[in-house]
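K.L.:
Compute the structure for the input listed below.
(2 chains)
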Amino acid sequence: DAKTTQPPSMDCAEGRAANLPCNHSTISGNEYVYWYRQIHSQGPQYIIHGLKNNETNEMASLIITEDRKSSTLILPHATLRDTAVYYCIVSLNSGGSNYKLTFGKGTLLTVNP
Amino acid sequence: GAVVSQHPSWVICKSGTSVKIECRSLDFQATTMFWYRQFPKQSLMLMATSNEGSKATYEQGVEKDKFLINHASLTLSTLTVTSAHPEDSSFYICSAIRRGHSYEQYFGPGTRLTVT
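P.N.:
Predicted coordinates:
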């Protein structure tokens, strides 16, 4: 079973920031938080990951609470192409075959014009 | 960079026949490849993990004699669905981990299998 809880759907206006929450209250100390997204009928795409510090890359920012029990993915300026299912996943990062992703139901983000 | 391709992108086959799906890492060597299955309106489910030159490790409930995985090289893994049945109709997706970038799985575009 997935170890995360996400809202099933969210809406966002084009050009505005999209803030996607994720609850992972049972995360263990050596597990990372990963975010992937899946555009309809395509393979998932990696977005970002973090352990305990906030992270930012060209796609998004990841804010992890101090107790690590929840996190928020921020898309700073959402576009129509960001409409997708967003998955928050916790996983050990011990590399190779030990790096397993357990996908939950994710959040369907719909960006509206 | 880091492109993963799958072939075919879609396939229709008759019940009882076998279907082979290829997963290739086009511009990197994949230390590990994964195979997932996704039914309509559901999430991805991991089927198996494979490393080049060794036997695949299957997830609980996945029949290894039905879903044959061959990881022949650092850039190619194949999934063969043997004696396919209509309930095997699904979206099959592979992913690969690039050497030195263990934090990211690169996913293929998926293969839509329909068994009639």
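K.L.:
how about the helix or strand of chain B with the lowest mean pLDDT as CSV, C-alpha atoms only?
P.N.:
The helix or strand of chain B with the poorest confidence is strand B:101-107; it has a mean of 84 (mean pLDDT, DSSP states H and E). Output of strand B:101-107 as CSV, limited to C-alpha atoms (Å, rounded to 0.1, in the frame of the first residue of the first chain):
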residue,chain,number,x,y,z
HIS,B,101,21.6,8.9,-11.1
SER,B,102,19.9,6.5,-8.8
TYR,B,103,17.4,9.0,-7.5
GLU,B,104,15.4,9.1,-10.8
GLN,B,105,13.5,6.5,-12.7
TYR,B,106,13.2,7.3,-16.4
PHE,B,107,9.9,6.0,-17.8
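K.L.:
Get me the contact residues on chain A for chain B.
P.N.:
Taking C-beta under 8 Å from any C-beta of the partner chain, the part of chain A that reaches chain B is made up of A:2, A:32, A:34, A:36, A:38, A:41-46, A:49, A:87, A:93, A:95-97, A:99-106. To be clear about C-beta, it is placed using only N, CA and C from the backbone, and glycine gets the same treatment.
K.L.:
Show only the entries of those residues found in strands.
P.N.:
Per DSSP state E, strands hold the following members of these: A:32, A:34, A:36, A:38, A:45-46, A:49, A:87.
K.L.:
Kindly point out the strands partnered with the least confident helix or strand of chain B and how each is oriented relative to it.
P.N.:
Pairing partners of strand B:101-107, with direction, according to DSSP bridges: strand B:90-98 (antiparallel).
K.L.:
distance between the strand it pairs with and the chain's centre?
P.N.:
From the chain centre to the centre of strand B:90-98 is a distance of 5 Å (C-alpha atoms, centre = their mean, to the nearest Å).
K.L.:
pLDDT of it, averaged?
P.N.:
For strand B:90-98, mean pLDDT is 94.
K.L.:
Now residue 74: closest residue in space that isn't a chain neighbour?
P.N.:
All of this is about chain A. residue A:61 (4.4 Å; C-beta to C-beta, 6 or more residues apart in numbering or on different chains).
K.L.:
switch to chain B, that's the one I care about
P.N.:
Per C-beta to C-beta, 6+ apart, closest to residue B:74 is residue B:29, 4.0 Å.
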